[in-house]
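Q: sequence and predicted structure below; questions after.
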Amino acid sequence: MKDDSTRRQEVDATLLWQTAFENDELPEKMVELFPYPVQVFSIDGTAVKINKAALEMIGIRSVEAHVGKYNVFRDPIVKELGIMDQVRQVLTGKTVYLTDLDFSYQDMIKYFDVVDRDIKTLHVDITCFPIMKLDHTVSCFVAVFFFKKIYRDREEIQKGREYIEDHWREKYDAKKLAAAVNLSPPYFSRLFKKHVGATPYDYYIDIKINKIKERLRDPKLTISEAFTLCGVDYHGNFARVFKKKTGLTPSQYREAAKQESP
């Protein structure tokens with residue numbers, strides 16, 4: 001529920017836009033200078049104006065690629081979200097508040113001429129309000145976008161890295177890792193390698209190797225104990241993995257570390 005002060009602010013903003021559109025010179029300036037993404041639509045749903053903030057935040061390549069071509073009433077994403085009827089209510093003179101909408105950026109790339117960016121989902125609120133003529137019919141309508149959250153693929157990468165770093169002692173499990181970031185194992189692996197330069201498994205192995213190195217530098221621990229504290233058996237396969245990654249056997253590494261110590 002909106003409190004009275006918030007509702008008054010929204011009414012005042014609508015009146016401000018209404019006054020601006022009664023002046024031939026003000027609308028263009030107001031749309032361009034408005035700090036939030038704004039689009040203005042004709043009553044048939046065609047975009048007639050768009051500001052710089054909308055181009056940048058939504059990722060639309062140019063004014064020419066959008067104005068006169070995009071039509072909100074033919075937008076497949078709006079249809080998929082099930083909000084088309086709500087949007088159309090603005091044509092009756094009603095201000096429409098659309099909240100907590102999630103727009104798939106890949107769908108936007110698929111359907112529209114937007115920049116392919118490192119974005120997964122746009123989480124937004126949209127307020128649509130009509131601009132009325134003197135005869136109280138709708139002249140056009142305005143949509144103001146409030147971006148609440150931009151979910152990027154890199155957020156999933158960071159979550160994945162944190163999961164690996166928190167579970168490095170455990171046996172590697174690609175399914176559990178992918179589930180932790182809500183992605184499929186193949187897709188997450190490709191995404192991770194794209195941004196990190198290594199597969200999730202290689203990243204896990206590198207952490208494990210570095211932890212073993214730390215333990216091997218502790219003279220109080222046997223080599224077997226150093227491996228056990230890192231969740232692996234020295235007599236198993238991981239000793240070979242260690243040598244492959246470092247070029248030294250665990251015992252050779254320990255001896256080299258001793259010589260390097262002051």
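A: Nice, I can see it. Numbers count the residues shown, from 1 in each chain.
Q: ok, which stretches of the protein are strands?
A: 38-42, 47-50, 96-104, 121-132, 138-151 (DSSP state E).
Q: quick one: the third one to strand 138-151, angle?
A: Okay, so that is strand 96-104. When axes from the mean of the first three to the mean of the last three Cα atoms, to 10 degrees is applied, the directions of strand 96-104 and strand 138-151 differ by 40 degrees.
Q: quick revisit: which of the strands of the chain sits most buried?
A: strand 38-42 (a mean of 21; mean count of other Cβ atoms under 10 Å). (Each C-beta comes from the backbone N, C-alpha and C, glycine too.)
Q: take that strand, keep the C-alpha atoms, and write them as PDB.
A: Extracted in PDB, the C-alpha atoms of strand 38-42 (Å, rounded to 0.1, in the frame of the first residue of the first chain):
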ATOM      1  CA  VAL A  38      11.000   7.300 -19.800                       C
ATOM      2  CA  GLN A  39       9.100   6.300 -22.900                       C
ATOM      3  CA  VAL A  40       6.100   8.200 -24.500                       C
ATOM      4  CA  PHE A  41       3.600   6.200 -26.500                       C
ATOM      5  CA  SER A  42       0.800   7.200 -28.900                       C
END
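Q: what residues does it touch?
A: 27, 31, 47-51, 53-54, 72, 140-145 (Cβ atoms under 8 Å, 6 or more residues apart in numbering).
Q: closest to residue 168 out of these?
A: Distances from residue 168 to the contacts of strand 38-42, taken as Cβ to Cβ, are shortest for residue 145 (41.3 Å).
Q: low-confidence ranges in the protein?
A: 1-30, 153, 261-262 (pLDDT under 70).
Q: let's see that with 50 instead.
A: Applying pLDDT under 50 to the chain flags the ranges 1-2, 6, 25-26.
Q: so it: which segments form each domain?
A: Domain assignment for the chain, taken from automatic domain parsing, gives 4-151, 154-260.
Q: now the strands of the chain as a markdown table including distance to residue 192?
A: Listed next are the strands of the chain as a markdown table, based on distance: least, Cβ to Cβ, whole Å:
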| stretch | distance to residue 192 |
| --- | --- |
| strand 38-42 | 36 |
| strand 47-50 | 35 |
| strand 96-104 | 20 |
| strand 121-132 | 18 |
| strand 138-151 | 16 |
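Q: which one of the ones you listed lies nearest to residue 256?
A: strand 138-151 (45.2 Å).
Q: quickly run through the sheet partners of that closest one, with directions.
A: strand 38-42 (antiparallel), strand 121-132 (antiparallel) (DSSP bridges).
Q: which one of the contacts of strand 38-42 is nearest to residue 109?
A: So of the contacts of strand 38-42, ranked by how close each gets to residue 109 (Cβ to Cβ), first place is residue 54, at 16.4 Å.
Q: tell me the contacts of the closest one?
A: Contacts of residue 54 by Cβ under 8 Å, 6+ apart are 37-39, 60, 145.
Q: what is the nearest of those to residue 97?
A: Nearest member of the contacts of residue 54 to residue 97, counting by Cβ to Cβ, is residue 145, at 12.4 Å.
Q: that closest one: what's it in contact with?
A: Neighbours of residue 145 in contact, by Cβ under 8 Å, 6+ apart: 36-39, 54, 57-58, 124-126.
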